[in-house]
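> How does the following fold in three dimensions:
(4 chains)
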Protein chains: 2
Amino acid sequence: MDYESNNENDDAVTIHDVAATARVSPSTVSRVLNGHATVNPVLAARVRDAARTLGYRPNAVARSLRRKVAAVWALVISDIQNPFFTSLVRGVEDVANAQGCSVVLCNSDEDLKKERRYMEVAVAERMSGVILSAASSTDSDIGVLRRASIPVVAIDRRILADNVDTVLVDNRAGAQMAVAELLGQGRTRIACITGPRRVSSAVERLEGYRNGLKSAGAALDDQLVQMADFKRKGGYQATVALMALDEPPDAIFVANNLMTIGALEALWDMGIDSPATVAVLGFDDLPWAAVTSGSVASVAQPTYELGRLAATMLVERRTTPNMAPRTVVLQPSLARHPGARRAEQ
Amino acid sequence: MDYESNNENDDAVTIHDVAATARVSPSTVSRVLNGHATVNPVLAARVRDAARTLGYRPNAVARSLRRKVAAVWALVISDIQNPFFTSLVRGVEDVANAQGCSVVLCNSDEDLKKERRYMEVAVAERMSGVILSAASSTDSDIGVLRRASIPVVAIDRRILADNVDTVLVDNRAGAQMAVAELLGQGRTRIACITGPRRVSSAVERLEGYRNGLKSAGAALDDQLVQMADFKRKGGYQATVALMALDEPPDAIFVANNLMTIGALEALWDMGIDSPATVAVLGFDDLPWAAVTSGSVASVAQPTYELGRLAATMLVERRTTPNMAPRTVVLQPSLARHPGARRAEQ
DNA sequence: TTGTAAGCGTTATCAC
DNA sequence: GTGATAACGCTTACAA
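Numbers count the residues shown, from 1 in each chain, chains lettered A, B, ... in the order given. So this is what the prediction gives:
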């Protein structure tokens, strides 16, 4: 049996083939297919017929070369496993597709090297825009993109660069909500596990935590603040450290979802009852929160809207390149999950 | 302030500029940069110097046009939120990068239309390969890719097409393990919540469940089998339906991770103790399993290896196009998670 | 309105 | 070993 027999025709159909079949010039085919100019309806019909019968598929590579820019955006995200990103991606794609653009997803995995590699690919492939959730607010460098005049929108995390359009959530407000909620439950020693100093959202969530305590007249205790890595293990270790204090906390505000899993795991491994002894309140959406043994609330973000807005700003930046850069901040909200031990029982 | 001032030079440096600076021909520059032929070391050094000082970045679009194929693979996955895929992606990327290729991630979201759109993009962009976790084993159509002679490897799920390289896990064996484990715990009425009939893994996991019961001499009861949609809500509803039976199950084998969350949620909403009254055993890795109120085991898959293998098969298919298609089946294993109520306490 | 022709940046073929 | 030249498939001045 010949496995090549499936290939009807290894040389792809080009615009010239369509032109020949439709008895018009290649430029006319191009005009019909792109709708850029008015074409005699009779010829247009012949072109469309020919394209269909020949199974013509435009070569996006040739088009990109000629146009000097590809109809492709990169969406570089720091942690694909965070459910936070799933609907964010949809928000971006919906806008991109409406513009006739494709989105390529890139998972930098909080790794600056990977992130840089993806930016280089974006340049090499002449992509028309990049939406970036930076691995590091201080060290991520968009210079490569700038030099290639590729528009960038920062999402979820700030980047240390002038003139970057940015879409964020109000991390301070979210953290303050979290603290207020815990205080309202009567908690008096509230700890905070946040992410690395290089990530703006981690820093801002910590600030919000401190502001929340201060504005309630509660004391700040630096022993109750742990900096971890936004990953599960980091949350686990930070929790162990907190509970080893002479005066351990009765509540923990955890600044992202993976670390929240780690924190809960640590508490249970130590045989500590949550939420009775120690309440846990996370950040980001926690799809599994309803099946945990204790009640877990979290600060939820408008993720789809975040993606949609970033994408819209990218489009606007392309159409109006000299417009002053904007930063948009969206408000988070508090999501309560009853957990396995429901209040009413 | 002028926001254009960042653009050092809007016309990118080309191979001709490098050639001029290095006082050689463009072909020599190309040869140096690609290492395809032997070049006088002196000239080669001049070329590399020129490229560095000018900040030359090859135009991947032009290269792809000339070579008639882009150094890019598409990885089309059915559900990006499934943690299953995160390490699978790494496995694919590691092999691709070693080949000098980039991977673009595409989330079909179990949607045939989206999936088809991504395949069309792969064709338009002349990508050199596609790894596909099909939205439907029966209805996903790779004809577009075949006509464009783009190599395909099916991963995780079979596709109804001849001559496709495929990498799978042994779903039947995994499901049988699951049933054996539950029987070993003394469970006597074991239910199964599986996915849609159009997805091969759902069908095979159901078969494994049945075989597992049969080979243990246990009775089969079709009332105990629910077909859902591989999503959380489907798992929830299926569980409610199962528990409404005259003789409800004392264990449920759930064929994927999102439905496992739904199942646990339903049990707790109904006030049913798990695992005491009803044990739950899932499929796929469950990162949050350790923080659930009850013990949850699951059938774990060698995800990185799955991705690495699929990528390797793609490379081999490209180098040896006429080789007979292969199907590789990897073995899953059983992962036990103590859950919040640890056995030893 | 339609066709002709040039050119996007690269690489492969062919002489030298 | 190196350089000139053509070609990949498309879009877009410009000419008709």
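
> Which helix or strand contains A:Gly91?
Using DSSP states H and E, A:Gly91 sits in helix A:84-98.

> Can you list the helices and strands that that helix packs against?
Identification of packing neighbours for helix A:84-98 by 3 or more CB pairs under 8 Å, 6 or more residues apart in numbering or on different chains; DSSP states H and E yields strand A:70-77, strand A:102-107, helix A:303-319. (Each C-beta comes from the backbone N, C-alpha and C, glycine too.)

> Let's have these in CSV, adding distance to chain B and mean pLDDT.
Conversion of the helices and strands packed on helix A:84-98 to CSV gives the following (distance: least, CB to the nearest CB, whole Å; pLDDT from 0 to 100):
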stretch, distance to chain B, mean pLDDT
strand A:70-77, 6, 96
strand A:102-107, 4, 93
helix A:303-319, 10, 96
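
> Compare the ones you listed and give me the one nearest A:Thr188.
Nearest to A:Thr188, of all the helices and strands packed on helix A:84-98, is helix A:303-319, at 32.8 Å by CB to CB.

> Report the inter-axis angle for that closest one versus strand A:102-107.
Inter-element angle recorded for helix A:303-319 and strand A:102-107: 120 degrees (by axes from the mean of the first three to the mean of the last three CA atoms, to 10 degrees).

> Give me the next element, helix or strand, following helix A:303-319.
In the C-terminal direction, the helix or strand that comes right after helix A:303-319 (DSSP H and E) is strand A:327-330.

> quick one on the thing from earlier: which residues does the helix holding A:Gly91 contact?
Where contact means CB atoms under 8 Å, 6 or more residues apart in numbering or on different chains, the residues beyond helix A:84-98 that reach it are A:73, A:75, A:77, A:79, A:102-103, A:105, A:131, A:133, A:155-156, A:257, A:284-285, A:301, A:303-312, A:314-315, B:80-81, B:107.

> Identify the residues contacting the helix or strand hosting A:Ile131?
Using DSSP H and E, A:Ile131 falls within strand A:127-132. Outside of strand A:127-132, the residues within contact range by CB under 8 Å, 6+ apart are A:69-76, A:92, A:101, A:104, A:115, A:119, A:122, A:140, A:142, A:145, A:150-155, A:159, A:307, A:310-311, A:314, A:317-318.

> which of the residues you listed are buried?
A residue is treated as buried here by neighbour count (16 or more other CB atoms under 10 Å in any protein chain shown); on that basis the buried members of those are A:69-76, A:92, A:101, A:104, A:115, A:119, A:122, A:140, A:142, A:145, A:150-155, A:159, A:307, A:310-311, A:314, A:317.

> mind listing what the residue nearest to A:Tyr236 when sequence neighbours are not counted touches?
Nearest residue to A:Tyr236 in three dimensions, chain neighbours excluded: A:Gly262, at 3.7 Å (CB to CB, 6 or more residues apart in numbering or on different chains). The neighbours of A:Gly262, taking CB under 8 Å, 6+ apart as the test, are A:Lys231, A:Arg232, A:Lys233, A:Gly234, A:Gly235, A:Tyr236, A:Gln237, A:Ala238, A:Thr239.

> Kindly write the ChimeraX command that selects the buried subset of those.
Once 16+ other CB under 10 Å is used to decide burial, the buried members of the contacts of A:Gly262 can be selected in ChimeraX as follows:
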select /A:231,232,234,235,236,237,238,239
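
> mind checking which of the helices and strands packed on helix A:84-98 is nearest A:Ile190?
The nearest among the helices and strands packed on helix A:84-98, by CB to CB, is helix A:303-319 at 26.0 Å.

> how about the helices in the stretch 151-300 of chain A?
According to DSSP state H, counting those that start in this stretch, the stretch 151-300 of chain A carries its helices in the segments A:171-184, A:200-215, A:232-243, A:257-269.

> of all of the stretch 101-250 of chain A, which residue lies closest to DNA strand D?
Nearest residue of the stretch 101-250 of chain A to DNA strand D (CB to the nearest atom of the strand) works out as A:Arg126 at 12.3 Å.

> Please produce JSON lines containing the helices and strands packed on helix A:84-98, extended by distance to DNA strand C.
Formatted as JSON lines, the entries for the helices and strands packed on helix A:84-98 read as follows, by distance: least, CB to the nearest atom of the strand, whole Å:
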{"stretch": "strand A:70-77", "distance to DNA strand C": "12"}
{"stretch": "strand A:102-107", "distance to DNA strand C": "20"}
{"stretch": "helix A:303-319", "distance to DNA strand C": "19"}
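
> Can you lay out the ones you listed as a markdown table showing distance to B:Ser30?
Below are those laid out as a markdown table (distance: least, CB to CB, whole Å):
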| stretch | distance to B:Ser30 |
| --- | --- |
| strand A:70-77 | 22 |
| strand A:102-107 | 26 |
| helix A:303-319 | 32 |
